[in-house]
Structure formats: C-alpha cells, structure tokens
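1. requesting a structural model of the entry that follows:
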Amino acid sequence: LDAHHLDLMAAMKQAADRGWYTLAWQLADAMWPFFLRLRHYDLWLEAHDIGLAAARSDADPRAERQMLTSGANGLNSAGRYDAAIARFGLALEAARAEGDSRGEGQALLGIGRSHREAGRAAVAGAYLRRAITVWEAFGYPLGGSLARSVLL
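-> Sure, this is the predicted structure:
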C-alpha cells in the first residue's frame, strides 16, 4: 500500500468523480491498514472525506457509518479531538437510526476515547460506560473489554 498510496488516492478520486461511489468508499475502507500503520493523517482525512461523500451518494447507510467512524479515528489520531467527537457523534446518530448496536458502541467508544485523549476523563467515562452497556446488551463482550481498557 505504501508504494502505491498516491495511485490509490488518484483511483479513489477518479471513482468518485465518475460516479462509481461504491468503489470510491471501498477504496477508502481498504486503505485503513495503511492509514492506521503509517499515519499519513492528511491522506487519511482526505480519503475518508471522499469516502463519506461517496457513501452518501451511494445511499449506503452502513458504508456511511463506516466512513464516519474511520474518518473520526483519523481525526482523533491527528489530535483533532473535538472534530473527531463531532464526527463520531454523526456516526452515533446514524447507528441509532439504523438500530445498529455494534456501530452505536463503536461511536460511543470513539467519543469517550477522544474526550479522554483531550484530557476530559470525567466526560470520557460516561461515554465509555455507555459503550460497555450497549455492547454487552448486544452480546459483544470484546467491545465491552475494549471500552474498559480505555476507561482504565
């Protein structure tokens, strides 16, 4: 991915420009390991903005939630905590509207983690505890464990 990331970004832009929305958001999603490992924040954010617009144009709510969450993770990793919280908030609203408990927990975890990393531990705790509750009610104990690890 590193050797071809600029080609992949160009392909993603072309796909979006040509109305190949599914391909555009899928390329952004497929580049997740690259962004997570190599931390090219500008490209991470650009790719997920393109992917989010493409998912919305594709009228794919699941893809939209994925692009919101992945993009918010990029914002958080770049230290843009309040922007990340806002985007995770959009993902939370969308997950709740779709009845997506796993997505709801993921958004709550992201909001909590962003608040914690911004130095707002008390605010973070409320979101992280809610993520635990949602995930455990859904039957996803791994998610609850993940939220607990951030809560500590």
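2. C-alpha only now, for contacts and for neighbours.
-> Will do.
3. immediately after the lowest-mean-pLDDT helix or strand in the chain, which helix or strand?
-> Ranked by mean pLDDT, DSSP states H and E, the weakest helix or strand in the chain is helix 32-38, scoring a mean of 88. Later in the chain than helix 32-38, the nearest helix or strand by DSSP states H and E is helix 41-57.
4. for that following helix, name the packing helices and strands.
-> If you count contacts as 3 or more CA pairs under 8 Å, 6 or more residues apart in numbering; DSSP states H and E, helix 41-57 packs onto helix 5-17, helix 21-30, helix 32-38, helix 61-77.
5. tell me the mean pLDDT for it?
-> Computed over helix 41-57, the mean pLDDT rounds to 96.
6. export it as CSV, just CAs?
-> Provided in CSV are the C-alpha atoms of helix 41-57 (Å, rounded to 0.1, in the frame of the first residue of the first chain):
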residue,chain,number,x,y,z
TYR,A,41,-3.1,11.9,8.5
ASP,A,42,-3.7,14.3,5.6
LEU,A,43,-4.4,11.4,3.3
TRP,A,44,-6.4,9.6,5.9
LEU,A,45,-8.7,12.5,6.4
GLU,A,46,-8.9,13.3,2.6
ALA,A,47,-9.7,9.6,1.8
HIS,A,48,-12.4,9.4,4.3
ASP,A,49,-14.0,12.7,3.3
ILE,A,50,-14.1,11.3,-0.3
GLY,A,51,-15.4,8.0,1.0
LEU,A,52,-18.1,9.7,3.2
ALA,A,53,-19.4,11.7,0.3
ALA,A,54,-19.3,8.6,-1.9
ALA,A,55,-21.2,6.5,0.6
ARG,A,56,-23.8,9.2,0.9
SER,A,57,-24.1,9.4,-2.9
